[in-house]
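> Need coordinates for the following:
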Amino acid sequence: MKFGLQIGYWGAELPVGQRELVAAAEECGFDSVFTAEAWGSDAYTPLAWLGSDTERIRLGTSVLQLSARTPTACAMAALTLDHLSGGRHIVGLGVSGPQVVEGWYGQPFAKPLARTREYIDIMRQVWAREAPVASSGPHYPLPYTGPGSTGLGKTLKPIVHPLRRDIPIFLGAEGPKNIALTAEIADGWLPLFFTPRMADMYNAWLDEGFARPGARRSREDFEVCATAQIYLTDDPAAVLNGLKPVTALYMGGMGSEDTNFHAEVYRRMGYGELVDEVTALFRSGRKEEAAAAIPDEVISESTLIGDADSVREQIRVWEAAGVTTLLVSAGSVQQIRDIATLA
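Numbering: from 1, shown residues only. As a prediction, the model looks like this:
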């Protein structure tokens, strides 16, 4: 099992101490560090800034939102960071949701799987640099010849020769079709709210993708980097209570009441009635009651909590379920050092 440091995205203000956390992660043997974005800080700028002080650790995004950049713009940023880091970049992508895509980026959310496939194909054309980049697909046509076009567009190759012709792409996917697509066309999966209890279901969806003609990877060389917090503590109850408000947010407050992909993950886990209850409470402004309604086991099965021996045993369970990397957050350098002793 490998460890990755999940930096995430910024809150209301510039976070402090992240350079020290990344330096400690590299010093302690962490495999990777990941940044994220929502509708505030972007993922690439902090990743380049923090990565400039590193020499070995892989630099990933978990995740870039497809609608934030055209596929060629994303490929340009990726090949640039890959050069600057000496070939250590991982492109983590996700479709986000209709509330963000249409409300923040002003683009239609329709056909997310088809858009993902087309997007990645264009990115790989850029990095391969075998011919001018072209796409006849309906979502990202290159060159553009639609309404308002001048007719002067031409296909181009990137000026910069990419350091690697095949930069790894991981996908943040939650539903069965998206997870199968991930196994078919990507190099790794970035699950959120993963639980080993559901491993058979997830692995069946992944196996569907691995079995498709032309699949890039197999189970043996595919990475599963699961966001899963680790808490070394003698008081698990206190940790669980502290995590309930954010769980209530993701379960009941993300997206819209009818379209919340995170809530669907919990429904697949068997918590449908709880999702309905938490959603109703959260969206009526009763956020504390929504958090209090969440049982401990809902959080504990997606989180590793306990003393060192207990957490080591839990890590073995996650590894047996197919997880290759645990993406953890940390609030201090000492916490990173403590987690590193579990490897």
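> So which residue is dead centre in this structure?
residue 62 (3.4 Å; CA atoms, centre = their mean).
> Next one: residue 40 relative to residue 10, how far apart?
Distance, residue 40 to residue 10, by CB to CB, to the nearest Å: 6 Å. All C-beta atoms are positioned from the backbone trio N, CA, C, and that covers glycine.
> So which of those two has more stuff around it?
Using other CB atoms under 10 Å as the criterion, residue 40 and residue 10 rank with residue 10 on top: 17 against 9.
> contacting residues around that one?
40-41, 46 (CB atoms under 8 Å, 6 or more residues apart in numbering).
> on that earlier part again, let me know whether the residue nearest to the centre of the chain touches residue 32 as I believe.
No: counting by CB atoms under 8 Å, residue 62 sits too far from residue 32 to count as a contact (9.2 Å).
> who touches both of the two?
In contact with both residue 62 and residue 32: 225, 327, using CB under 8 Å, 6+ apart.
> what helices or strands is the helix or strand bottoming out on mean pLDDT in the chain leaning on?
Lowest on mean pLDDT, DSSP states H and E among the helices and strands of the chain sits helix 261-268, with a mean of 90. Where contact means 3 or more CB pairs under 8 Å, 6 or more residues apart in numbering; DSSP states H and E, helix 261-268 is packed against helix 272-283.
> what's the angle between the helix it packs on and helix 261-268?
150 degrees (axes from the mean of the first three to the mean of the last three CA atoms, to 10 degrees).
> what comes up buried for helix 272-283?
Neighbour counts using 16 or more other CB atoms under 10 Å place 274-275, 277-279, 281-282 of helix 272-283 among the buried residues.
> quick one: average pLDDT of that helix?
The pLDDT scores in helix 272-283 average 94.
> and it, what does it pack onto?
Counting by 3+ CB pairs under 8 Å, 6+ apart, helix 272-283 packs on helix 236-248, helix 261-268, helix 287-292.
> Of all those helices, which one comes closest to residue 125?
helix 261-268 (28.8 Å; CB to CB).
> Please identify the buried residues of that closest one?
For helix 261-268, using 16+ other CB under 10 Å, the buried residues are 261-263, 265-266, 268.
> cool, stretch 87-100 as well?
Buried residues in stretch 87-100 (16+ other CB under 10 Å): 88-98, 100.
> With stretch 118-126 instead?
Neighbour-count burial for stretch 118-126 [16+ other CB under 10 Å]: 118-120, 122-126.
> now those as JSON lines including secondary structure, pLDDT and distance to residue 253?
Shown next, in JSON lines, are these (DSSP: H, G, I helix; E, B strand; the rest coil; pLDDT from 0 to 100; distance: CB to CB, whole Å):
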{"residue": "118", "secondary structure": "helix", "pLDDT": "98", "distance to residue 253": "31"}
{"residue": "119", "secondary structure": "helix", "pLDDT": "98", "distance to residue 253": "28"}
{"residue": "120", "secondary structure": "helix", "pLDDT": "98", "distance to residue 253": "30"}
{"residue": "122", "secondary structure": "helix", "pLDDT": "98", "distance to residue 253": "34"}
{"residue": "123", "secondary structure": "helix", "pLDDT": "98", "distance to residue 253": "32"}
{"residue": "124", "secondary structure": "helix", "pLDDT": "98", "distance to residue 253": "36"}
{"residue": "125", "secondary structure": "helix", "pLDDT": "98", "distance to residue 253": "39"}
{"residue": "126", "secondary structure": "helix", "pLDDT": "98", "distance to residue 253": "37"}
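> For the stretch 101-250 of the chain, which segments count as strands?
169-171, 188-189, 223-227, 230-232 (DSSP state E, counting those that start in this stretch).
> got JSON lines for those, with distance to residue 80 too?
Output for the strands of the stretch 101-250 of the chain, formatted as JSON lines (distance: least, CB to CB, whole Å):
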{"stretch": "strand 169-171", "distance to residue 80": "16"}
{"stretch": "strand 188-189", "distance to residue 80": "21"}
{"stretch": "strand 223-227", "distance to residue 80": "23"}
{"stretch": "strand 230-232", "distance to residue 80": "33"}
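> Would you mind giving the ones you listed as a markdown table with distance to residue 14 and mean neighbour count added?
Listed next are these as a markdown table, based on distance: least, CB to CB, whole Å; neighbours: other CB atoms under 10 Å:
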| stretch | distance to residue 14 | mean neighbour count |
| --- | --- | --- |
| strand 169-171 | 27 | 25 |
| strand 188-189 | 30 | 24 |
| strand 223-227 | 23 | 23 |
| strand 230-232 | 26 | 19 |
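> Could you work out the most separated pair of the buried residues of stretch 118-126?
118 and 126 (13.2 Å).
> Tell me the residues that contact both of the two, please.
Contacts common to residue 118 and residue 126, judged by CB under 8 Å, 6+ apart, are residue 71.
> so residue 81 sits right up against residue 52, yeah?
No: applying CB under 8 Å as the test, residue 81 and residue 52 come out as separate, 10.3 Å apart.
> The two: which has the busier surroundings?
Higher neighbour count among residue 81 and residue 52: residue 81, with 21 against 12, using other CB under 10 Å.
> Select, out of the helices and strands packed on helix 272-283, the one closest to residue 215.
helix 261-268 (23.6 Å).
> angle of that closest one against helix 236-248?
120 degrees.
> contact partners of helix 261-268?
Contacts for helix 261-268 (CB under 8 Å, 6+ apart): 97, 174-175, 192-193, 198, 201, 250-252, 254-255, 272, 274-275, 279, 298.
> And those, which of them are buried?
97, 174, 192-193, 198, 250-252, 254-255, 274-275, 279, 298.
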